[in-house]
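[1] Sequence and predicted structure below; questions after.
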Amino acid sequence: MDNTVARVEMHDIRKSFGAIQALRGVDLTLGRGEVLGLVGDNAAGKSTLMKVLSGAHIPDGGQIFIDGRQVWFGNPEDSRSLGIEMVYQDFALVDNLDVAANMFLGREYIRWGFGPVRLLDKRTMELESLRLIEDLRIDIDCVSLKVKHLSGGQRQAVAISRVTAFDARIIIMDEPTAALNVISVGKVLELIRQLKSQGCSIIIISHRLEDIHQVGDRVMVLRHGRKVCDRRIQEDIHAFRERVVAYMIGARDDYSAYLDE
C-alpha cells in the first residue's frame, strides 16, 4: 500500500451460511485511485466479501471503514450513499430499453409526478448519458439505441458508466471481461484505466489473470474464506500467473513473506 489514507478498510470480516464459513476473518484495504484484483477459486469467498462491502450481506463480525470513518451497511442503499457501486457479471441491463433509460434505471429524472403517475425527464437523461459516454470515451454513437443491439463490450461499458452517473467513488466489478472478445476486452480495460485516472478506486473480481496484470496495482487471493496473498503486481505475466495460481490451489503457504509487499 502507498502512504495515502486507505479509501476502504475491512478488518476481520466473518460470514457464515449455516454450517458453511464463507469468510473466516478477512482483511482488505483499497487505496484512493487504486485497482485491486480479487481472485480465488470457486467458493473462495470473493463474491461474499464484495457483497458485504456493497451492503447485500450483513457480516457476522468485523469492521468496515470508508475514508477513515467506521460504517455499517444494512442494505445496498447504505453503501451507495457513500459512493460504493457494484457492476454485476450479467450487466443487469434491460434489453428492450435504450441506453439512456438503462443508465438511469431505477433512479430516473422526473419532470413531473403526482402519486404513481410520473412524467420522465427523458431529455435530461439523454444529455447526461451523452456526457458520461463522452467523458469515459465509450464507443456508442446514439443513446436512444436499444441495449439489445449493442455488442458485449458496449453493454459492459453501459453497465460500468451507469454507476459513474451517481458519483461512484468505489466500484466493484464482477468478471467485467467474461465472455467478451479480444477487442471488447481491450476497450473495457481501457475504460477501467480511464476511471482510475479520474480518481475512482476499483476492485475487480476475475478469473482472467492477464486482465488483472494489465490494469491492477495489487492482487489479493482468497482461499477457503481466508486471505492467503496480498501483494503489489510487479513481475511479468508469466511469473505473476504462476505465483497467483500457486496460492489459489494451496501450493504456497508462505503467506507472510508476500503480504503487502
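    Thanks, I have it. Numbers count the residues shown, from 1 in each chain.

[2] only C-alpha atoms for contact and neighbour calcs from this point on.
    Will do.

[3] Which helix or strand lies directly C-terminal to the strand or helix carrying residue 133?
    Per DSSP states H and E, residue 133 falls inside helix 122-135. Next in sequence after helix 122-135, counting helices and strands by DSSP H and E, comes helix 152-164.

[4] So what touches that next one?
    For helix 152-164, the external contacting residues (C-alpha atoms under 8 Å, 6 or more residues apart in numbering) are 85-87, 91-93, 99, 102-104, 132-133, 136, 138-140, 147, 171, 176, 179-180, 184-185, 187-188, 191.

[5] Let's see which of the residues you listed end up in helices.
    In this view, these that belong to helices under DSSP state H are 99, 102-103, 132-133, 184-185, 187-188, 191.

[6] Look up how far residue 164 lies from residue 80.
    11 Å (C-alpha to C-alpha, to the nearest Å).

[7] contacting residues for residue 119?
    Contacts of residue 119 (C-alpha under 8 Å, 6+ apart): 110-113.

[8] nearest to residue 197, of the residues you listed?
    Checking the contacts of residue 119 against residue 197 by C-alpha to C-alpha gives residue 110 as the nearest, at 31.7 Å.

[9] you'd agree that closest one is up against residue 123?
    No - Residue 110 is not in contact with residue 123 according to C-alpha atoms under 8 Å; the separation is 10.6 Å.

[10] Show me which of the ones in helices among the contacts of helix 152-164 are buried.
    Neighbour counting over those (16 or more other C-alpha atoms under 10 Å) leaves 99, 102-103, 132-133, 184-185, 187-188, 191 as the buried ones.

[11] distance between stretch 136-152 and the chain's centre?
    A distance of 21 Å separates the centroid of the chain from that of stretch 136-152, by C-alpha atoms, centre = their mean, to the nearest Å.

[12] again but with stretch 50-59, I slipped
    Going by C-alpha atoms, centre = their mean, where stretch 50-59 is centred and where its chain is centred differ by 13 Å.
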